[in-house]
Each structure stands twice: as C-alpha cells, then as structure tokens.
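**Student:** Only the shape, not the letters, is given here:
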Ligand SMILES: C[S@@+](CC[C@H](N)C(=O)[O-])C[C@H]1O[C@@H](n2cnc3c(N)ncnc32)[C@H](O)[C@@H]1O
C-alpha cells in the first residue's frame, strides 16, 4: 500500500536533513510495523502524517526548551515503535535522547531502527518510567532537560511518570489528542504535586495543509 504522502515535497519541507534517515525508518515500519504490533492495520498508508510528521511537530518546542542549554538531554517515555523519540532524535542530532520503554519486543525494534537510521544520539532503557525515576532520585542518572511522550497515559497519571525525570526549569512536551485541555484541567493537583507549573496546550503545526496537533507543555519548578 502506498503512503498518501510518499514523494510529497511536504516531507523535505518539514523534515529537512532528517528525511533520508526517516525514509529508511518509514520503509521498515511500513513493511513490519503492523505484523509486529507497532501500528494499526488502518495506519499503513498514513504513516508519514499520523506517526512521523505528527511526532516531528514537537521538534520546534524541544529546540525552544533547550535553547542556550549546554546539556540538551531528552527522555522519551513509552517510545513504543519510536514515536516521538526516534523521529525527534533524527531531526535533532545535537540533542541526546534516552528512549524509555518496558516491552522487550519494542526494545528489539528500537535497537534495529537506531542501527538502520545510524543514529548516534540515542540510548535505550528497558523499563518503566518509575524505575528510571528511582535512578534519577539516587543520582545514578542525571535529570533531563526535556521529557517527551505520546499516547502513554492521561495527564493524571503521566504527571507522576514524567515530571520527576526533569531537572528544575525543564519541560514536559507531550503530544495529545483533542482532549488535551480537559486532561490538564483534570490533572491540576497531580501536576502541582510533582513540581509542574503553567500547564498549557499549544496547537502545533504538522505540515502545510495538514491538520495541526495538540501539544501539552508543563514547566518544572
Ligand atoms: C500506546 S503505546 C504508544 C507508543 C508510542 N509512544 C506511540 O505514540 O506510538 C504506549 C507505550 O507506553 C509504554 N508504557 C506503558 N507504561 C509505561 C511506563 N510506566 N513507563 C514507560 N513506558 C510505558 C508501553 O509499553 C507502550 O509501548
């Protein structure tokens, strides 16, 4: 099945120098993604828009969050097939990404993709975010400048799974659906409990003539 955006000039416009790496990733996920349980059967011809460009929508926000910072570290919680972590890592080669994912089969997939895409800026941790939070608390791992995630949990849960990974003044940048504002309205107590402040929703561009997506941004105190 041919992807609706295959060969479109929009891809080079949005993805720039990352396009060759992401073309290799696209070809692999188009062939193996559904049988390996990484994308749904109805996603096969819309991988560029629904998964790759949607993930890349966070890139300007990550860049903005790390502007002027020396250690541009990003943790992607619940990376699954690599969204948004692998896509953002391809677009931001000057940032160091740590992908956190508990499922063994998905870890194997992520390692294969890092090799195929020749990404030099990605580390992969097998585990749940709470295990990594413990390592941050014990100072075995440095806290991160940015935490990203997509489709992992509602903000009520996600706050405790992500905000403790951030250093002071770091930012949580979470891709969300239309429910974004309702989710942060409901999670006020949890966001504050884990040191988050100024939760807000921004409408993030996905590409020319494509429907924008919603991103929740929370600052760490
Ligand atoms: C619905 S998938 C989304 C995957 C990917 N982020 C995406 O948007 O396609 C949710 C992922 O979060 C992972 N996950 C669930 N609970 C987690 C936790 N506590 N810490 C880290 N990852 C978790 C799951 O294993 C799964 O791969």
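**Tutor:** Looks like it arrived, so ask away. Everything numeric in this text was worked out from a predicted model, so none of it was measured.
**Student:** element containing residue 172, please.
**Tutor:** Element membership for residue 172, per DSSP states H and E: strand 166-176.
**Student:** Against which helices or strands is that strand packed?
**Tutor:** Judged by 3 or more C-beta pairs under 8 Å, 6 or more residues apart in numbering; DSSP states H and E, the packing partners of strand 166-176 are helix 59-66, strand 144-150, helix 155-162, strand 213-220. Every residue, glycine included, has its C-beta placed from N, CA and C.
**Student:** is that strand up against the ligand anywhere?
**Tutor:** No. Strand 166-176 lies out of reach of the ligand by C-beta under 6 Å from any ligand atom, never closer than 7.2 Å.
**Student:** got a list of contacts for that strand?
**Tutor:** By C-beta atoms under 8 Å, 6 or more residues apart in numbering, the surrounding residues in contact with strand 166-176 are 54-55, 57-58, 61-62, 65, 84, 142-151, 155, 158, 162-163, 183, 195-196, 201, 213-221.
**Student:** Per-residue pLDDT of the residue nearest the centre of the chain, please?
**Tutor:** The residue lying closest to the centre of the chain (C-alpha atoms, centre = their mean) is residue 84, at 2.8 Å. For residue 84, the pLDDT comes out at 98.
**Student:** Distance check, it against the ligand.
**Tutor:** Distance of residue 84 to the ligand, computed by C-beta to the nearest ligand atom, to the nearest Å: 7 Å.
**Student:** Touching, that residue and residue 150? I think so.
**Tutor:** Yes. Contact criterion C-beta atoms under 8 Å: residue 84 and residue 150 qualify, at 5.3 Å.
**Student:** Residues of the chain that sit close to the ligand?
**Tutor:** So the chain meets the ligand at 77-81, 83, 100-103, 106, 128-129, 150-152, 161 (C-beta under 6 Å from any ligand atom).
**Student:** Any of these buried? List them.
**Tutor:** 77-81, 83, 100-101, 106, 129, 150, 152, 161 (16 or more other C-beta atoms under 10 Å).
**Student:** for those residues, which one is nearest residue 91?
**Tutor:** Distance to residue 91 across those (C-beta to C-beta) is lowest for residue 83, with 12.6 Å.
**Student:** Need the three-state assignment for that closest one.
**Tutor:** Secondary structure, DSSP: H, G, I helix; E, B strand; the rest coil: residue 83 is coil.
**Student:** who does the helix or strand hosting residue 136 touch, helix- and strand-wise?
**Tutor:** Take DSSP H and E as the rule and residue 136 turns out to sit in helix 129-137. Here helix 129-137 touches helix 155-162, going by 3+ C-beta pairs under 8 Å, 6+ apart.
**Student:** okay, the nearest residue to residue 62 once chain neighbours are set aside: pLDDT?
**Tutor:** Distance criterion C-beta to C-beta, 6 or more residues apart in numbering; nearest residue to residue 62, sequence neighbours excluded, is residue 146 at 5.4 Å. Residue 146 is assigned a predicted lDDT (pLDDT) of 99.
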